[in-house]
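Visitor: build me a model:
(one chain, ligands or ions: 1)
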Amino acid sequence: MTVAPERDEQELLAQFEATIGHHDRIEPRDWMPDGYRKTVVRQVAQHAHSEIIGMQPEGNWLTRAPSLRRKAILLAKVQDEAGHGLYLYSACETLGVSRDELTEMLISGRQKYSSIFNYPTLTYADVGTIGWLVDGAAICNQVPLCRTSYGPYGRAMIRVCKEESFHQRQGYELLATMMRGTDEQRAMVQESVNRFWWPALMMFGPPDDDSPNTAQSMAWGIKRNTNDDLRQRMVDMTVPQAEALGVTLPDPELCWNEERQAHDFGSPDWDEFKDVISGNGPCNAQRVEHRRRAWEDGAWVREAATAFARRSDDVQAAVR
Ligand SMILES: CC(C)(COP(=O)(O)OP(=O)(O)OC[C@H]1O[C@@H](n2cnc3c(N)ncnc32)[C@H](O)[C@@H]1OP(=O)(O)O)[C@@H](O)C(=O)NCCC(=O)NCCSC(=O)Cc1ccccc1
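Guide: Have a look, this model is predicted:
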């Protein structure tokens with residue numbers, strides 16, 4: 001007996017929902033609703049683009065690192081970011097979208113990357129602040145994503161989070177070293193923290209009541225927490241670290257709320273956030289142009305690798 005197609009679809013949907021309900025993983029060959037596939041591709045692609053574009057602000061300091069040790073640490077970190085981008089592009093490819101298409105969507109502005117990477121890195125202290133605050137925010141956001149419902153994304157996150165922890169520690173250690181230095185160095189750290197604090201809080205996305213995707217993404221287990229929840233976690237985690245470092249977080253409203261057992265804090269400038277994610281931040285044009293040039297300059301490498309792979313296949317076929 002043949003089953004009616006609608007019946008088939010209903011059974012598949014029920015099976016999908018049961019998997020989500022049990023907090024099990026959805027794997028690439030499993031049936032999934034079109035909206036789920038699109039949402040995972042959107043989030044994972046944005047995440048991958050962020051890692052790749054995110055190499056630029058710190059990469060800016062590679063040739064000017066103040067010592068061999070600092071240069072080696074920074075090189076390792078920037079290379080890790082490239083690796084994270086590649087895992088994430090691979091996770092996206094399991095859903096039937098190619099690396100070429102993803103890069104095209106980034107360069108043409110059809111897909112986003114994290115707002116934070118549209119701010120400039122003006123001093124070497126920014127390398128420390130990015131490690132401490134930006135990787136700190138990335139950890140808050142990504143540890144729960146190790147339990148995301150899409151298998152390849154969650155597994156990529158496990159490795160990425162281990163590396164992000166090293167990134168955060170190296171940033172904190174850099175800032176701690178500068179804070180033990182001269183008055184000028186301490187002032188440089190404070191100035192850098194003042195510039196990056198609010199943009200780091202914006203990384204978690206708009207407030208929950210202004211976040212169109214959160215409810216559905218949580219229902220599908222793609223996101224495990226809301227944007228505001230994770231932002232609160234970041235503030236609570238960072239305040240004692242700032243005290244230990246001896247820097248001030250630039251928020252006059254920041255204070256401990258005994259009743260909530262959490263910090264109250266001010267609101268980021270959401271108009272600035274909207275401007276930055278619409279392409280009008282201080283470095284948007286420069287970041288995308290740099291990526292476009294690198295992609296075009298690398299065309300010959302991709303062509304050579306494809307030709308080599310084709311020839312190897314021909315040789316294998318001839319031997320068989
Ligand atoms: C929380 C959120 C970012 C946004 O929640 P959703 O539910 O998806 O959206 P929601 O409805 O709340 O927002 C409405 C619209 O606003 C967009 N938008 C929101 N926020 C931002 C933003 N900050 N920047 C730009 N756009 C943002 C959002 O896409 C949506 O637009 P769309 O409808 O697509 O046109 C989520 O996608 C997520 O957890 N992603 C995974 C983590 C991830 O990507 N991490 C990367 C950074 S860490 C790193 O790279 C490591 C590193 C450290 C140091 C150096 C180098 C590398």
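Visitor: and stretch 288-295, anywhere near the ligand?
Guide: No - contact of stretch 288-295 with the ligand (Cβ under 6 Å from any ligand atom) is absent, the minimum separation being 13.2 Å. In this view, the C-beta of every residue, glycine as well, is placed from N, C-alpha and C.
Visitor: next, the buried residues of that stretch.
Guide: Buried residues in stretch 288-295, counted by 16 or more other Cβ atoms under 10 Å: 288, 291, 295.
Visitor: from those, which is closest to residue 150?
Guide: Lowest distance from residue 150 to the buried residues of stretch 288-295 (Cβ to Cβ) belongs to residue 291, with 25.2 Å.
Visitor: next up, the contacts around that closest one.
Guide: By Cβ atoms under 8 Å, 6 or more residues apart in numbering, residue 291 lies in contact with 52, 53, 56, 103, 106, 107.
Visitor: what parts of the stretch 201-320 of the chain come near the ligand?
Guide: Residues of the stretch 201-320 of the chain lying near the ligand (Cβ under 6 Å from any ligand atom): 202-206, 211-214, 217, 223, 227, 277.
Visitor: a markdown table please, covering those residues and showing neighbour count.
Guide: Compiled in a markdown table, these are given as follows (neighbours: other Cβ atoms under 10 Å):
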| residue | neighbour count |
| --- | --- |
| 202 | 22 |
| 203 | 24 |
| 204 | 23 |
| 205 | 21 |
| 206 | 18 |
| 211 | 16 |
| 212 | 8 |
| 213 | 15 |
| 214 | 21 |
| 217 | 21 |
| 223 | 25 |
| 227 | 20 |
| 277 | 18 |
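Visitor: distance to residue 168, pLDDT and secondary structure added to the residues you listed, as TSV?
Guide: Listed next are those as TSV, based on distance: Cβ to Cβ, whole Å; pLDDT from 0 to 100; DSSP: H, G, I helix; E, B strand; the rest coil:
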residue	distance to residue 168	pLDDT	secondary structure
202	18	98	helix
203	14	98	coil
204	16	98	coil
205	20	98	coil
206	24	98	coil
211	25	98	coil
212	30	97	coil
213	26	97	coil
214	25	98	helix
217	25	98	helix
223	21	98	coil
227	20	98	helix
277	24	97	helix
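Visitor: narrow the buried residues of stretch 288-295 to those in helices?
Guide: Counting by DSSP state H, the part of those found in helices is 288, 291, 295.
Visitor: ok, and the closest non-adjacent residue to the last one?
Guide: Nearest residue to residue 295 in three dimensions, chain neighbours excluded: residue 103, at 5.6 Å (Cβ to Cβ, 6 or more residues apart in numbering).
Visitor: my guess is that neighbour contacts residue 294. True?
Guide: No - contact between residue 103 and residue 294 fails when scored by Cβ atoms under 8 Å: they sit 9.8 Å apart.
Visitor: could you give the mean pLDDT of the top helix by length along the chain?
Guide: When the chain is parsed with DSSP H, its longest helix is helix 151-179. Predicted confidence along helix 151-179 averages 96 (mean pLDDT).
Visitor: is it in proximity to the ligand?
Guide: No - against the ligand, helix 151-179 shows no contacts by Cβ under 6 Å from any ligand atom, the least distance being 6.5 Å.
Visitor: how close does residue 250 get to the ligand?
Guide: For residue 250, the distance to the ligand equals 19 Å [Cβ to the nearest ligand atom, to the nearest Å].
Visitor: and that residue, helix, strand or coil?
Guide: With DSSP: H, G, I helix; E, B strand; the rest coil as the basis, residue 250 sits in coil.
Visitor: for the residue nearest to it when sequence neighbours are not counted, helix, strand, or coil?
Guide: Nearest residue to residue 250, sequence neighbours excluded (Cβ to Cβ, 6+ apart): residue 194, at 4.6 Å. Of the three states, residue 194 takes helix according to three-state DSSP.
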